[in-house]
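Enquirer: Compute the structure for the input listed below.
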Amino acid sequence: MAVVFNLFFLASLCYASLLDTIADRARRAIDSSNARLDYIWKEIQGVSLDTDDVRSSVSAETKHQGFMANISIGSPPIPHLIIMDTGSSVSWTECQPCIHCFTQALPIFNPPQSATYRLLPCSSPICHQAPSMIGPASRCEFELRYGDGTTVSGYLSTEKITFETSDEGITSVPNLVFGYATNVGGNLGGQTSGVLGLGAKMTSLVNQQGSKFSYCFGSIWDLQYSHNQLIIGDGAVIEGPSTPITIVGSYYYVSLDSIRVGEKKLDISPQVFKVTKEGTGGIVIDSGATLTYLPKAAFDPVKDEVLSLMDDLVQYVGTLSSCPCFWGVIDRDLVGFPVVTFTFANGVDLALDVKSFFTPAGPHKFCMAVALSTVANLTLIGVLAQQSYNIAYDLARNIVSIHG
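Expert: Now for the predicted structure:
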């Protein structure tokens, strides 16, 4: 069985308000991506380096950034939109009674009204995989902190989760471990009511449904695009070349060998992208950041090559949070600009065209969607770089496939 999600982009860049300018959206995306980078690094600190599937659709929200999946919780099933996150391993929604909750568009879930709701006791083995597991033996409580400062606390339960499929069908999976948040502080709200954790720990929906998941989406700025999709379980679309992954906490690390601009291979040592003995460096493919981040030894050669190529095309106008910016329109002024290619271990390529490598920053201004990493040489591959690719993880084989 496969569970399929139609994904919707939840964009801090996109239409947070009808009064927002393109520049407002660009700044918000950069700020949230910077916070995401810092959050991932703080999460990694102290972490040692040692045939069923679920389908759902994915869509875009209006206050924050990322992809949302539509699910229904409990019996009878109550619909919710929750943010897809490859960097966390607990799925949760707000619930009653709520000590402090954000305002959400959909009604807040009331667990006792569900016939399939069961508390997860502290004695359960999976409870010890929960982040900051706390609290009385009668139930398994958890605490989470996200990159934008949002804090979440609540308890884990088992529940029946119902997923809408891409063919407009319905799939229900009983006894999934799911979090109910009774205290949420921070900036969530709007269409979303929680998070769908796709990280590597046992509490993740991925591990509860097997060991595979894949996702694919088109332009993140096209809010009408209806074919974004996340698949969890044995029906995950694993195709194309694959590269090894190393699991660090909840995160999936990959190895990057080189970066090319057109046919030119940049002078960047592969050691720049390696994880050091101290635990710094490395590369994470992430679903929560819009931008891609490179350490200085890789960022500078990329920036210098781009600036050189732009000399005869458009005017350089400075930087926005380290991203070089230019006067012009991407579609009009960058016709023929070379593709930027990231080559991972085993020769797996992720090729970025102008719409994946640059992002609008004003009516007649755009910026490179690659920024300088400010945290211990960590490289982060954001969602703009993943547009139009099918990204598929097989945790049993420790690989990720990248197919465009």
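
Enquirer: CA only for contacts and neighbour counts going forward, please
Expert: Noted.

Enquirer: residue boundaries of the helices in the chain?
Expert: 22-44, 205-208, 296-310, 330-333, 354-357, 383-386 (DSSP state H).

Enquirer: any idea which of the ones you listed scores lowest on pLDDT?
Expert: Mean pLDDT per stretch puts helix 22-44 lowest among these, at a mean of 64.

Enquirer: quick one: contacts for A200?
Expert: Contact analysis of A200 by Cα atoms under 8 Å, 6 or more residues apart in numbering lists S88, S89, V206, N207, I247, G249, S250, Y251, Y252.

Enquirer: out of those, which one sits closest to V4?
Expert: Minimum distance to V4 across the contacts of A200 is 12.3 Å, recorded for V206 (Cα to Cα).

Enquirer: do you know how far that closest one is from K212?
Expert: Per Cα to Cα, to the nearest Å, V206 is found 6 Å from K212.

Enquirer: joint contacts of these two?
Expert: I232, G233.

Enquirer: Filter the contacts of A200 down to the ones in strands?
Expert: Residues of those located in strands (DSSP state E): I247, Y251, Y252.

Enquirer: Look up the pLDDT of the most centrally placed residue in the chain for me, please.
Expert: The centre of the chain sits closest to S287, judged by Cα atoms, centre = their mean, with a distance of 1.5 Å. Model confidence at S287, expressed as pLDDT, equals 83.

Enquirer: which residues touch it?
Expert: Listed by Cα under 8 Å, 6+ apart, the contact partners of S287 are G66, F67, M84, D85, T86, G87, G382, V383.

Enquirer: give me that answer again for 10 Å
Expert: 65-67, 83-87, 198, 215, 380-384, 386 (Cα atoms under 10 Å, 6 or more residues apart in numbering).

Enquirer: So which of the residues you listed sit within strands?
Expert: Residues of the contacts of S287 located in strands (DSSP E): G66, F67, I83, M84, D85, Y215, L380, I381.

Enquirer: from these, which has minimum pLDDT?
Expert: For the ones in strands among the contacts of S287, the pLDDT minimum is G66, 69.

Enquirer: Distance of the residue of the chain positioned farthest from its centre relative to F366?
Expert: Centroid-distance maximum for the chain: D312 at 35.7 Å, with Cα atoms, centre = their mean. Separation of D312 from F366 (Cα to Cα) stands at 16 Å.

Enquirer: now F178
Expert: Taking Cα to Cα, one finds F178 at 41 Å from F366.

Enquirer: ditto for L320
Expert: 10 Å.

Enquirer: Looking at the two, which has the bigger crowd around it?
Expert: Taking other Cα atoms under 10 Å, L320 and F366 do not tie; F366 has more neighbours (25 against 16).

Enquirer: is that one in a bridge, and if so with what?
Expert: Note on F366: beta-bridge partners by DSSP bridges are F326, P360.

Enquirer: I figured it hits P324, correct?
Expert: Yes. Judged on Cα atoms under 10 Å, F366 makes contact with P324 at a distance of 8.7 Å.

Enquirer: Mutual contacts of these two, please.
Expert: With contacts defined as Cα under 10 Å, 6+ apart, the residues shared by F366 and P324 are Y316, V317, F358.

Enquirer: What about D333, how many residues nearby?
Expert: If we define neighbours as other Cα under 10 Å, then D333 has 13 of them.
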